[in-house]
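K.L.:
coords please:
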Amino acid sequence: MAYWLICNSGAGDGERGRDFWLEHLATAGIHDPRCRDFEESDWSTRLDDRDTLIVAGGDGSVSRAAAVCREKGATLAVLPSGTANDFARNLGLPHQPGALCKLIASGRTQMVDVADYGDGMFLNVAHVGMGTLPARESRSTEKKLFGRFSYVVELLRRLNAKRGFRATIRCDRGVVKGRWLSIAVANGAFFGGGNEIPEASVSDGQLAIVAVRPRPILQLLFTFLMVRLNRQTPRRTSTLVHIRSQRCLVHTGKPKTVTADGDVVSRTPLNVVCKSGCLRVIGDRIVSTADGDAGDVISGGI
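P.N.:
Just a heads-up that it's a prediction; the model follows:
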């Protein structure tokens, strides 16, 4: 068995780099892990199912490492060092670096879901529409100044300029059509720097499709606040559609940009399938925002 370490030095504010994590890992009993970079072409061929791949970076780096671990059967360990760190939230990882490294050294693991789309996969969320703007256009200076709130800053800047787009969403239960401001297909309970998706978990075998209709900004903010305060999706709303399904196909009238875990990955149509329990990760507490078996919420019917 071997420990491997990949660090993205450009993630977050840059303060949690390789030296930072090597010190904490050594204190926890993990000495001299094999340090590599994603750009090196041959290291992954030597990874096997007894190894643990430790990745220090944001959600984009974690998603890349997860794809390698899934292919090789290796264990993924996450050292959150980015702006959003949503997958770390999904795993309920300790906030303190020392406690996190001790958890990695303990070897306690859980199996979690991933979302497959075409030739790729994601861990947290794929976006079509307004949700793609933070990844496409959020400025690096804003990221350093506002941290995870830079996503909200960028969305609010553009909100009034968007009339939405027409799209059809197909899922296990049927079809819903309309004009949308944003469509998010989530694998876990968190996206966009800690925004919660009610009744979701990264280990429930389901996708959470959250689609937002174009509405006046005050109505959008009101709906957002109600979801955050009540921690469950409204049963009837003209603003929000929430669907739980194992698979989802989003088809737009014209091809639109798709982002996944913070990176631009493709264009629509977007076809996503949840693959249940196929990734082994270090963690002992998977976070769920479920509040009973509330079922699916689809505004407007399908």
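K.L.:
ok, now which ones touch the residue nearest to residue 116 when sequence neighbours are not counted?
P.N.:
Leaving aside its chain neighbours, residue 116 sits nearest to residue 273 (5.0 Å; criterion: C-beta to C-beta, 6 or more residues apart in numbering). C-beta coordinates here come from the backbone N, C-alpha and C atoms, glycine included. By C-beta atoms under 8 Å, 6 or more residues apart in numbering, the residues touching residue 273 are 115-117, 246-247.
K.L.:
the helices in the stretch 151-300 of the chain, which residues?
P.N.:
Assigned by DSSP state H, counting those that start in this stretch, the stretch 151-300 of the chain shows helices spanning 217-230.
K.L.:
which helix or strand in this structure has the lowest average pLDDT?
P.N.:
Ranked by mean pLDDT, DSSP states H and E, the weakest helix or strand in the chain is helix 140-146, scoring a mean of 42.
K.L.:
ok, residue 35 to residue 275 distance?
P.N.:
Using C-beta to C-beta, to the nearest Å, residue 35 is found at 30 Å from residue 275.
K.L.:
kindly report the same for residue 238.
P.N.:
The separation that residue 238 has from residue 275, given C-beta to C-beta, amounts to 34 Å.
K.L.:
please name the bridge partners of the residue nearest to residue 116.
P.N.:
Applying DSSP bridges to residue 273 gives these bridge partners: residue 116, residue 247.
K.L.:
state the distance from it to residue 97.
P.N.:
Distance, residue 273 to residue 97, by C-beta to C-beta: 35 Å.
K.L.:
so what's residue 214 up against?
P.N.:
So residue 214 contacts 162-164, 179-181 (C-beta under 8 Å, 6+ apart).
K.L.:
now do residue 22
P.N.:
Contact analysis of residue 22 by C-beta under 8 Å, 6+ apart lists 5, 33, 35.
K.L.:
thought residue 184 was touching residue 122?
P.N.:
No - Residue 184 is beyond contact range of residue 122, at 11.3 Å (criterion: C-beta atoms under 8 Å).
K.L.:
more neighbours: which of the two?
P.N.:
Neighbours per residue (other C-beta atoms under 10 Å) separate residue 184 from residue 122, with residue 122 holding more: 28 against 24.
K.L.:
need the contacts of residue 273 in CSV with distance to residue 221, pLDDT and neighbour count, can you?
P.N.:
Formatted as CSV, these follow (distance: C-beta to C-beta, whole Å; pLDDT from 0 to 100; neighbours: other C-beta atoms under 10 Å):
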residue, distance to residue 221, pLDDT, neighbour count
115, 28, 97, 26
116, 34, 97, 17
117, 30, 95, 20
246, 32, 97, 15
247, 31, 97, 16
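K.L.:
farthest-apart pair in the residues you listed, please.
P.N.:
For the contacts of residue 273, the maximum inter-member distance is 13.6 Å, found between 117 and 246 (C-beta to C-beta).
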